[in-house]
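S.K.: Compute the structure for the input listed below.
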Amino acid sequence: KDCNYPYKELCGCGVGFKLITALSQRLNIPESEYHTYLDLVATAIAADIVPLTDENRVLAYYGLKQINESPCAGIKALVQLSGVKTNFSINNVVFIIAPRVNAAGRMDDARKAVLMFVEDDFGKALEYAEMLQSDNFDRRDADTTITEEALSIIDGDEVLIKRKSTVLFKSHWHKGVVGIVASRLIEKHYRPTVVLTQSGDVVSGSARSVTGFNLYEAIHACREYLIGYGGHFAAAGLTMLPDNVEAFSNKFEEIVESLIEPHLLIPEIIIDAEVSFKNLTKSFYNIICQMEPFGPQNMRPVFITKNVVDTSWSKIVKEQHVRFIVKHDNITFTGIGFNLADKFYLLQMNKPLDIVYTLDENEWNGEINLQLKVIDIMLSESQVA
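M.R.: Residues are numbered from 1 along each chain as shown. Got it, this is the predicted structure:
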């Protein structure tokens, strides 16, 4: 409010960078002095999931260059621990660096991440990075365990299955991962979701919404049962007394049921174009890469190829994922579909499929090849009819 700065989507770190830029220009400090922090800015942009438009896009682009060419000791240590040999993309920052940085505060003490970032000695920075790596392993274990428990609660209760919202509470769940768990639950049960745990004498938790539904408005309507709450359209945090959990749950369901439009409870995939496998060439992929860095409001293009057939070599990997080897117009492509094991039966039907995916590169044994990152599959329309 009352800010005349033209771009409103900077994250907190981006605002800080603009401040040191202005101070440096006023004090005649060389650009090279403050540009060294661009790797941290890119990390913050990725971690905060802000729109990758305008200034954020420029800052992320040059921040990625900094990460790949001359990062600070802390980021260099995290990159080394990741085992990734190719240049980091914004996706790598989102899924490799950001979770490890966030894990410190979620599972233990966020100061470890700060100490890692300000450390100039690589050896010491690596020690802090290894602590963050350990915290992230703990975070993943807690995330997996709690998600499995939460899903079993929903799937074992006919009343919960039929609701328009999800509100779950267990006193032993780890406070640091309830927001992640809420997002995981939405992948299976697509509806506004609140996950709560005990925090001292109060119950606290995180809420996540589905696209198009104002979560903050729904929680605000339940404020009579809350000690405190805050957030925005898509996510929120809240606290309440233990005795109010059931009343809040019922009120939240009542509000969501009255406000949400039926189509918002059906996940939607925005497809950019239909293509044939013969279009998926290295030059085509290089053109896509010119649109990077990808992120909110500049997402990686999503494609659909229809009437694809399985080669019989596709298989389930690590119980939850699918390794695809599929053919279209006599051209074979491999792909990976995360958390698509429950749709593997469609491949076993030996019928033409429509596959939705993004195009990616995969490095294996020193070779780099294009692969499909499969988002969803369904029987081709001719087969459904």
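
S.K.: Let me see the ranges of the strands in the stretch 251-385 of the chain.
M.R.: 273-274, 303-310, 315-317, 321-328, 331-337, 353-364, 367-379 (DSSP state E, counting those that start in this stretch).

S.K.: who touches Gly105 in this structure?
M.R.: For Gly105, the contact set (C-beta atoms under 8 Å, 6 or more residues apart in numbering) comprises 113, 176. Where C-beta positions appear, they are placed from N, C-alpha and C, glycine not excepted.

S.K.: does it count as helix, strand or coil?
M.R.: Judged by DSSP: H, G, I helix; E, B strand; the rest coil, the three-state class of Gly105 is helix.

S.K.: so how far is Gly179 from it?
M.R.: Counting by C-beta to C-beta, to the nearest Å, the gap from Gly105 to Gly179 is 12 Å.

S.K.: that older thread, out of the strands of the stretch 251-385 of the chain, which is closest to Glu33?
M.R.: strand 353-364 (35.3 Å; C-beta to C-beta).

S.K.: partner residues bridging the closest residue to Gly337 other than its chain neighbours?
M.R.: With C-beta to C-beta, 6 or more residues apart in numbering as the criterion, Gly337 has its nearest non-adjacent residue at 3.6 Å, and that residue is Val374. Beta-bridge partners recorded for Val374 (DSSP bridges): Tyr357.

S.K.: Could you report the pLDDT at Val374?
M.R.: Predicted confidence (pLDDT) for Val374: 98.

S.K.: ok, it touching Gly335?
M.R.: Yes: the pair Val374 and Gly335 qualifies as a contact (C-beta atoms under 8 Å) at a distance of 4.8 Å.

S.K.: any common contacting residues for the two?
M.R.: Taking C-beta under 8 Å, 6+ apart as the criterion, Val374 and Gly335 both touch 324, 355, 357.

S.K.: So which of those wins on neighbours?
M.R.: Phe324 (27 neighbours; other C-beta atoms under 10 Å).

S.K.: Closest one to Phe277 out of the shared contacts of Val374 and Gly335, please.
M.R.: For the shared contacts of Val374 and Gly335, the nearest to Phe277 is Ile355 (9.9 Å; C-beta to C-beta).

S.K.: Helices along the stretch 151-300 of the chain, start to end?
M.R.: 158-162, 178-188, 215-220, 245-259, 282-289 (DSSP state H, counting those that start in this stretch).

S.K.: Of the ones you listed, which is nearest Asp135?
M.R.: helix 178-188 (13.5 Å).

S.K.: who's in contact with the closest one?
M.R.: Against helix 178-188 from outside (C-beta under 8 Å, 6+ apart): 139, 143, 146-147, 150-151, 154, 166, 168, 173, 193-197, 205-208, 210, 235, 237, 339.

S.K.: Relative to the whole chain's centre, how far out is it?
M.R.: Offset of helix 178-188 from its chain centre (C-alpha atoms, centre = their mean, to the nearest Å): 11 Å.

S.K.: And stretch 86-106, by the same measure?
M.R.: 10 Å.

S.K.: Buried residues, it. List them.
M.R.: 88-94, 96-104, 106 (16 or more other C-beta atoms under 10 Å).

S.K.: do the same with stretch 40-54
M.R.: 40-47, 50-52.

S.K.: pLDDT of it, averaged?
M.R.: Mean pLDDT, computed over stretch 40-54, is 93.

S.K.: What is the end-to-end distance of it?
M.R.: For stretch 40-54, the separation between the terminal residues is 18 Å (C-alpha to C-alpha, to the nearest Å).

S.K.: sorry, back to before: put the buried members of the contacts of helix 178-188 into a PyMOL selection.
M.R.: Remark: buried members of the contacts of helix 178-188, expressed as a PyMOL selection using 16+ other C-beta under 10 Å:
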select buried, resi 139+143+146+147+150+151+154+166+168+173+193+194+195+196+197+205+206+207+208+210+235
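
S.K.: Filter the contacts of helix 178-188 down to just the ones in strands.
M.R.: Among the contacts of helix 178-188, the ones falling in strands (DSSP state E) are 166, 168, 193-197, 205-208, 235, 237.

S.K.: just for the stretch 1-150 of the chain, where's the confidence low?
M.R.: The stretch 1-150 of the chain contains residues with pLDDT under 70 at 1.

S.K.: Not counting residues beside it along the chain, what's closest to Ala73?
M.R.: Ala73 sits nearest to Ala125 (C-beta to C-beta, 6+ apart), 3.8 Å away.

S.K.: One more: Ile75?
M.R.: That would be Asp39: by C-beta to C-beta, 6+ apart, it lies 5.3 Å from Ile75.

S.K.: Equivalent analysis for His174, please.
M.R.: Ala142 (4.6 Å).

S.K.: Please report the distance of Ala235 from Ala113.
M.R.: Ala235 is 21 Å from Ala113, where distance means C-beta to C-beta.

S.K.: now Leu78
M.R.: Separation of Leu78 from Ala113 (C-beta to C-beta): 10 Å.

S.K.: got it, and Pro51?
M.R.: From Pro51 over to Ala113 (counting by C-beta to C-beta), the distance is 24 Å.

S.K.: for Trp313, same thing?
M.R.: Counting by C-beta to C-beta, the separation of Trp313 from Ala113 is 43 Å.

S.K.: neighbour-wise, which of the two wins?
M.R.: The neighbour comparison of Trp313 against Ala113 (other C-beta under 10 Å) goes to Ala113, with 22 against 13.

S.K.: surely that one meets Asp135?
M.R.: No: if you go by C-beta under 8 Å, Ala113 and Asp135 don't touch, sitting 9.1 Å apart.

S.K.: anything in contact with each of the two?
M.R.: Residues touching both Ala113 and Asp135 (C-beta under 8 Å, 6+ apart) are Ala104.

S.K.: Helices of the stretch 1-150 of the chain, residue ranges please.
M.R.: Going by DSSP H, counting those that start in this stretch, the stretch 1-150 of the chain shows helices at 12-26, 31-35, 38-47, 54-69, 73-82, 90-92, 98-107, 111-118, 122-155.

S.K.: can you put these in a markdown table and add distance to Asp201?
M.R.: Shown next, in a markdown table, are the helices of the stretch 1-150 of the chain (distance: least, C-beta to C-beta, whole Å):
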| stretch | distance to Asp201 |
| --- | --- |
| helix 12-26 | 31 |
| helix 31-35 | 45 |
| helix 38-47 | 31 |
| helix 54-69 | 40 |
| helix 73-82 | 37 |
| helix 90-92 | 41 |
| helix 98-107 | 22 |
| helix 111-118 | 26 |
| helix 122-155 | 22 |
